[in-house]
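Engineer: Prediction below, plus the sequence it came from.
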Amino acid sequence: MMFLSLRYLLARKKQSLLIIVGIMIGTAAYVGISGMMLGFQTVLLDQLVNNDAHIRISAREDLLTSETMGSFPTASHVFWDIPPSGMKDSAKIEYPIGWYQKLNNDPQVLAYSPQVNLNVIFRRGTLSRSGRLIGSDPRLQERVTNIQKYMVIGKFSDMGQTGSRIIIGKALMESLGARPSETLFLTSGSGAPKPFKIVAIFSTGVRNIDESTAFTSLSDAQNLRGSGSEITDIAVKVEDPYNVSEITSSWKLSSREKILSWQEISASILSVFKTQDIVRNSMTISIIVVAGFGIYNILSILVTQKRRDIAILRSMGYLPKDIVSVFFNQGIILGLIGGLVGLFVGHLICRFVGTIEIAPGRMGSDSGHMTISYDVIIYVKAFAIAMLSSVFSSIWPSLEAKKLEPMDIIRSGGQ
Amino acid sequence: MIKAQGLIKKFPPNDFVVIKGIDMTIKDGDFISLMGRSGSGKSTLLYLLSTLDRSFEGKVHIDNRDVHQMDVKEVHALRNQQIGFVFQFHYLINELTVLENVLLPARKAGRMEEALPFARELLSIVGLDSIAHKPSSSLSGGENQRVAIARALIMKPKYIFADEPTGNLDSINGNVIFNLFKKFNKDFGTTIVYVTHDQEFGKLAHTQIKLADGLITTN
Ligand SMILES: Nc1ncnc2c1ncn2[C@@H]1O[C@H](COP(=O)(O)OP(=O)(O)O)[C@@H](O)[C@H]1O
Ligand SMILES: [Mg+2]
């Protein structure tokens, strides 16, 4: 029945074109917006996943209570005038060796890096900024995160095993007005300020990190903290970062340390992704629904206008299901053309946006161009949405056409 | 051969009886006119005899097959292969050319190629071969009806049913149409049943059936 469907469509070129354009816009919008959003999300996700550990094991910083003070061997009853409160002054991982053994034996763990994380004040002359200092063994740290990828000046390994050298976030350095190879003074808690030399600079594009973080060697961080060889965190890299929750939930059962997956750490950003997805999908679906309504309207009107044709076709032996095809095909053809052209136009939009120059590091681009996703899934989904809406909006008018009895139409003189 | 027995047609909602018990036989090759006053049930009877209307009481057999016993496929196959219809309103499909309209039944049957030469022949018989590729929406009433007749004949059906085919036409065009029926009846042995209220045309049939008040009065 394709012949008849095509003839009906071609007889109403303007109308058909309008619907095709509608579906095309919906499909192209989906492809374009998805390409940009997912490209952006992929880069950001890569940063979220790899900038920090997949799993972070850190010392628990419980509030002190009478119970957590432990037992007093000589006394059977202890009464407090003022019950204990606040936190211990230095949190640490109680038994790191145990963790190392566990991590060494876990086949899912690719690498891990013991760390000392501390809040510090960066000082240069009269300027000061508070931030976070991460002390680690550079060789281990590099295996856990992809920080090396974001180095702007110098290498991550430049900080060495000791020597009071720091690698600093670009934004943090700029806010202090410092320059590479200058010396900053770092203070932790009540300790005395210690000099650290800037040997390298990184910029991840994540503002939060870039304006507050610096890296140094494990021993220098321990020195600054003044707590000997204690460690506060273990950063862990696993084989499948999208499956971390399984690993963390089993670890959580058997340890007293705080265990956070990157997903838990980045929960707020991940929820923004979800919102983006919802906006993107609902916008596209509404465009497509409008186009679908167009198809529905056109076909409904056409079925009414073509009652005579339906009657004559039936009297010539065309089956009810042939009549359905005549109309249904029209909706499908419109959806198919609109969908395919939409995919193409959407792809062109993506290509074009991909050439727009942006500042490197922004929106997570390495190359100075926006990262666009060309994931096949986007195209499959876009096409599926277009086709689904065409099928749904075509099926009802077509089934109405099937119900028309030739006899009724002929008796009424075809009116 | 078409055979009707005890044919009764009532219309809802009040069961208004239009055909009140008709027995008749249409012999193969016959040339029949169906006449009667307006509202006497001519159209209704034509539809009943030709499978277009299958909700009736009594029996209709077409070539010994009970119309009531046929399923949707059989009825449509019968309409496609054995029956041609010509209506007072010609009902061409405007989006198609003249030739495409004529070929519609063959298209359904999947016999486009075989039918093409015959379609051209039919168009020259009805005098329209020169406009075969014109859009059918551009034709005059008389031309339209001639195309509709060519379409009704394309499958070389055994039966042609025509409901006031000349009703909307002037007498010249009416004569052309009528002569076409005669020609096909003679050349192909096509059985023709046509409704008319034109006495002249009615009298030219081999068999004249007069209908009054839902019953056959003379044969
Ligand atoms: N769908 C219908 N519902 C009710 N009555 C109908 C219907 N179709 C036809 N009739 C009635 O049946 C009678 C015969 O109609 P018809 O066969 O068209 O007559 P004719 O063709 O001889 O003029 C008329 O009285 C008409 O009003
Ligand atoms: Mg009538």
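Structural biologist: Structure received. Values in this document were obtained by computation on a predicted structure and should not be read as measured data. Residues are numbered from 1 along each chain as shown, chains lettered A, B, ... in the order given. Ligands and ions are numbered 1, 2, ... in the order given.
Engineer: From now on I want contacts and neighbour counts done on CA atoms only, so please keep to that.
Structural biologist: Fine.
Engineer: What segments of chain B are helices?
Structural biologist: B:42-49, B:72-81, B:98-109, B:112-125, B:141-153, B:171-188, B:199-203 (DSSP state H).
Engineer: Generate JSON lines for those, with mean pLDDT as supplementary columns.
Structural biologist: Formatted as JSON lines, these follow (pLDDT from 0 to 100):
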{"stretch": "helix B:42-49", "mean pLDDT": "95"}
{"stretch": "helix B:72-81", "mean pLDDT": "96"}
{"stretch": "helix B:98-109", "mean pLDDT": "96"}
{"stretch": "helix B:112-125", "mean pLDDT": "94"}
{"stretch": "helix B:141-153", "mean pLDDT": "91"}
{"stretch": "helix B:171-188", "mean pLDDT": "88"}
{"stretch": "helix B:199-203", "mean pLDDT": "88"}
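Engineer: can you tell me which of the ones you listed comes nearest to ligand 1?
Structural biologist: Of all the helices of chain B, it is helix B:42-49 that lies closest to ligand 1, at 3.7 Å by Cα to the nearest ligand atom.
Engineer: between the helices of chain B, which one is nearest to B:His133?
Structural biologist: Set against B:His133 and scored by Cα to Cα, the helices of chain B come closest in helix B:98-109, at 5.9 Å.
Engineer: Give the buried residues for the closest one.
Structural biologist: Of the residues in helix B:98-109, B:Val98, B:Leu99, B:Glu100, B:Asn101, B:Val102, B:Leu103, B:Leu104, B:Pro105, B:Ala106, B:Arg107, B:Lys108, B:Ala109 count as buried by neighbour count, 16 or more other Cα atoms under 10 Å in any protein chain shown.
Engineer: A:Gly160 and chain B: what is the separation?
Structural biologist: Look at A:Gly160 and chain B: by Cα to the nearest Cα, to the nearest Å, they are 82 Å apart.
Engineer: Quick one, grab the pLDDT at the most centrally placed residue in chain B.
Structural biologist: Nearest to the geometric centre of chain B sits B:Phe161, at 1.9 Å (Cα atoms, centre = their mean). Note on B:Phe161: pLDDT of 96.
Engineer: what sits against it?
Structural biologist: The neighbourhood of B:Phe161, defined by Cα atoms under 8 Å, 6 or more residues apart in numbering or on different chains, consists of B:Leu46, B:Ser50, B:Ile83, B:Gly84, B:Phe85, B:Val86, B:Ile192, B:Val193, B:Tyr194.
Engineer: what about A:Ala111, is that helix, strand or coil?
Structural biologist: Three-state assignment for A:Ala111 (DSSP: H, G, I helix; E, B strand; the rest coil): strand.
Engineer: Now do the contacts for B:Thr3.
Structural biologist: In this structure residue B:3 is Lys, not Thr. Counting by Cα under 8 Å, 6+ apart, B:Lys3 makes contact with B:Asp23, B:Met24, B:Thr25, B:Ile26, B:Lys59, B:Val60, B:His61, B:Ile62.
Engineer: Got the domain ranges for chain A?
Structural biologist: If you go by automatic domain parsing, the domain ranges for chain A are A:2-48+A:269-411, A:55-62+A:83-243.
Engineer: winner for burial among those?
Structural biologist: Among these, domain A:2-48+A:269-411 has the highest mean neighbour count (mean count of other Cα atoms under 10 Å in any protein chain shown), at a mean of 20.
Engineer: Could you give the separation between the terminal residues of that one?
Structural biologist: End-to-end distance for domain A:2-48+A:269-411: 28 Å, by Cα to Cα, to the nearest Å.
Engineer: and that domain, is it in reach of chain B?
Structural biologist: Yes. Counting by Cα under 8 Å from any Cα of the partner chain, chain B has neighbours in domain A:2-48+A:269-411: A:7-8, A:11, A:308-309, A:312, A:314-319, A:406-407.
Engineer: out of the contacts of B:Phe161, which is most surrounded?
Structural biologist: Greatest neighbour count in these, by other Cα atoms under 10 Å in any protein chain shown, goes to B:Gly84: 30 neighbours.
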